[in-house]
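Could you work out the structure for the sequence below:
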Amino acid sequence: MVTTNSQNTTTTLTDRELVESLRRFRGGVIPAAVLRELIARGPAIEDELLRPLRSAVADAGKGVGSIPGECFFCFGLLLAHPSVRQVPVIEQLLRLSESDLEEAVGDLKHDGLIALLVGMSRTADVDEVLAWMDRVIVDDSVNCWGRWSCVSALTYLVREGLLDRNAAIGRIVSVLQQRSSQTYDLISAASVAELSNLRAVEADSFVSECFDQNQIDDSIFNRTDWERERDEILTVEQKLNQLPEPQFDIVKILKTWSGFRYISNSLDPRDAASKLDPESNFSGASSGLSKREIDQHLLAIRESNDGSFPRAAVKAFGIHIEQVKEHLIEEVQAGMAKAGGPDARASNAPYLALTILIARDIPLPSELLLAILDLPDDQRMDLFGDSMHSAIVVAVALSLLGDTGPIDRRIADLQRQDVDRAELAAFYYLSAYRGFLRRTEAIDRLAELLRETRGQSQISTTSLVEALCLMSAVEQRSLVNEAIAAGEVSSRFSDAELLEMLDDPEQANVQIEKDLRKHRDVMGQIEASVMFDRAVLHPPKTRAQPSHGQKDQLPTSVPTIRNVAPKLGRNSPCHCGSGKKYKKCCLRK
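Residues are numbered from 1 along each chain as shown. You can find the predicted model right below:
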């Protein structure tokens with residue numbers, strides 16, 4: 001247990017609370033303070049670290065959120081205090097599918113497992129660890145990453161002085177003999193690579209036979225690799241010393257990964273002030289934009305309107321988002337300050353800024369996003385258009401870190417428009433998808449809301465049924481079937497498609513990814529809106545004039561006839577002849 005002081009409030013955190021907080025840190029952030037605190041608590045936290053891993057094994061493949069978001073960090077924390085007591089859970093993890101193992105432990109699945117095996121061998125009976133490794137290597141029900149890592153770990157044990165070199169070579173040759181009937185085999189390729197690392201030139205003729213029989217997957221390690229390394233003038237010790245050192249400190253490991261650009265020294269993910277880690281390998285746009293370029297692009301965005309689209313600025317800011325994200329947040333805040341006023345539609349800057357930020361997955365202040373959700377419908381549409389509400393919900397899921405309270409209250413507010421309340425249902429499955437919210441919690445809340453709203457609003461019932469199906473919540477099948485059978489669902493999906501996603505987590509996941517890709521496409525989002533006139537987004541291309549003496553060429557085929565009717569801008573007169581602006585008349589019909 002640890003006592004911390006956050007915002008002058010003393011909070012006592014248990015081991016479980018600290019472990020569970022790991023899933024609520026945003027992607028790309030090293031939760032250094034929490035990791036350091038858990039490491040300091042020593043082997044006593046082992047059961048708490050293994051608990052999410054056991055849950056991943058039990059629930060893998062069930063759908064969105066079936067792999068707890070903290071699994072990756074928990075696996076990494078085992079490196080600090082490796083123990084053979086961890087072996088049963090590790091073996092179960094290694095029997096997961098490749099995709100589930102990747103989701104659970106990420107890129108720790110190879111080097112991390114090697115380090116764990118080395119650490120176990122240092123602190124336990126090495127023969128016990130070796131016996132387990134021998135069994136795993138030949139077990140085809142174990143994920144290939146698990147078998148590959150066990151083969152590689154033999155070489156590391158030789159370097160550590162925990163295993164005799166000849167004994168290691170004998171084990172690896174035995175693996176190759178047992179797999180002699182395989183062709184283009186990955187494990188055989190990994191085995192030959194380790195023989196090379198051990199300078200096992202005495203096995204040259206045997207290895208050549210393996211290549212002759214096409215046993216080796218030569219996309220992993222080929223005959224040329226073997227012969228080149230065989231002929232190197234190196235001692236065994238020199239060759240082994242070329243291998244990277246196994247790492248046991250998860251914080252130091254992540255600091256070398258380009259995917260972890262930020263570091264947080266807070267124990268509370270809600271208060272985490274993440275900053276770019278100067279020690280990370282993030283190769284972002286360090287050269288980036290000059291101050292002059294930023295100012296020019298900001299001016300272009302501020303001057304944008306229905307008839308003026310700052311294409312170059314949108315592209316540049318999307319690329320150099322780390323440089324300009326604070327500027328863009330300020331543009332959104334400036335727009336909110338004008339909401340409801342005469343200048344609210346003077347510029348499309350708030351819309352463009354929010355679109356770019358959401359597309360690049362930049363966390364925004366939750367208070368700002370909730371304030372946007374709470375704007376009267378016409379004011380929100382003036383600032384952010386007609387198609388941004390679902391994108392804002394995506395951003396809210398990233399910013400609230402699994403805190404369901406603000407969304408629970410808004411869905412329960414009968415004064416809100418049905419369409420707004422309905423779109424908020426996506427918050428639950430998106431939060432589970434990102435790992436911030438436990439799967440069971442998300443499903444239970446969606447089911448509870450569906451029971452409460454059935455018969456009141458078809459649009460709300462539909463969105464809640466869709467959310468349960470996207471989570472493959474088979475435990476709520478009867479509730480979903482009842483709503484469909486009663487004709488209360490009018491979905492973008494057919495009934496058959498809804499039930500397919502309910503039963504097939506992979507299909508549901510594909511749909512969620514498809515929806516998220518739509519929000520990550522800045523130009524696609526802009527084109528789907530009515531914030532800019534179509535002619536501005538797609539200016540006609542100037543036809544090149546034929547050179548002197550050159551005749552125009554007739555087309556060799558009849559061009560496809562396409563519908564080129566102009567898309568109405570939001571401030572254009574409505575086509576129905578009412579005399580009102582399109583946005584005030586038929587836009588949402």
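
is it true that Leu113 touches Ser149?
Yes - the pair Leu113 and Ser149 passes the contact test of Cβ atoms under 8 Å, sitting 4.1 Å apart. In short, each C-beta sits where N, CA and C put it, glycine included.

For the residue lying closest to Asp217 once chain neighbours are set aside, list the residues it contacts.
The shortest distance from Asp217 to any residue that is not its chain neighbour, by Cβ to Cβ, 6 or more residues apart in numbering, is 4.2 Å, and that residue is Ala189. Contacts of Ala189 were listed using Cβ atoms under 8 Å, 6 or more residues apart in numbering, and they are 216-221.

centre of the chain versus the helix or strand harbouring Ala189, how much separation?
Element membership for Ala189, per DSSP states H and E: helix 186-197. Taking Cα atoms, centre = their mean, to the nearest Å, one finds the center of helix 186-197 at 32 Å from the center of the full chain.

One more: stretch 159-176?
Relative to where its chain is centred, stretch 159-176 has its mean C-alpha point 39 Å off (Cα atoms, centre = their mean).

in that stretch, what's buried?
Taking 16 or more other Cβ atoms under 10 Å as the basis for neighbour counts, the residues of stretch 159-176 that come out buried are 159, 163, 165, 168-169, 171-173, 175-176.

Give me the contacts around stretch 23-30.
Applying Cβ under 8 Å, 6+ apart, the contact partners of stretch 23-30 are 31, 34, 68-70, 251, 254-255, 259-264, 269-270, 272, 274, 277, 361, 363, 398, 401-402, 434-436.

7 Å instead?
Under the contact criterion Cβ atoms under 7 Å, 6 or more residues apart in numbering, stretch 23-30 has outside partners 31, 68-70, 251, 254-255, 259-264, 269, 272, 274, 277, 363, 398, 401-402, 435-436.

Grab the CA positions of the one helix or strand Asp408 maps to and hand them over as CSV.
Here Asp408, judged by DSSP H and E, is contained in helix 405-412. What follows is helix 405-412, C-alpha atoms only, in CSV (Å, rounded to 0.1, in the frame of the first residue of the first chain):
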residue,chain,number,x,y,z
GLY,A,405,-20.0,8.8,-14.9
PRO,A,406,-20.2,11.8,-17.2
ILE,A,407,-21.7,9.6,-20.0
ASP,A,408,-24.1,7.8,-17.7
ARG,A,409,-25.6,11.1,-16.6
ARG,A,410,-25.9,12.4,-20.2
ILE,A,411,-27.6,9.3,-21.5
ALA,A,412,-30.0,9.4,-18.5
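
Enumerate the positions of that helix that are buried.
The neighbour-count check on helix 405-412 (16+ other Cβ under 10 Å) flags 406-408, 410-411 as buried.

Show me what the next helix or strand after it packs onto, helices and strands only.
Next helix or strand after helix 405-412 toward the C-terminus (DSSP H and E): helix 418-423. Contact here means 3 or more Cβ pairs under 7 Å, 6 or more residues apart in numbering; DSSP states H and E; on that basis helix 418-423 packs against helix 389-400, helix 458-470.

Would you map the strands across this structure?
2-6, 9-13, 29-31, 262-264, 275-276 (DSSP state E).

State the mean pLDDT of the third one.
It stands for strand 29-31. Averaging pLDDT along strand 29-31 gives 93.

do the same with the last one
In this model, strand 275-276 has a mean pLDDT of 68.

Ok, the second one next?
With pLDDT averaged residue by residue, strand 9-13 scores 59.

swap in the fourth one?
Over the span of strand 262-264, the pLDDT mean works out to 89.

again, but for stretch 72-79
97.

One more: stretch 197-208?
For stretch 197-208, mean pLDDT rounds to 95.

List the buried residues for that stretch?
In terms of neighbour count (16+ other Cβ under 10 Å), stretch 197-208 has its buried residues at 197-200, 203, 207.

if we can go back for a sec, now, which of the contacts of stretch 23-30 lie within helices?
Among the contacts of stretch 23-30, the members falling in helices (DSSP state H) are 251, 254-255, 398.
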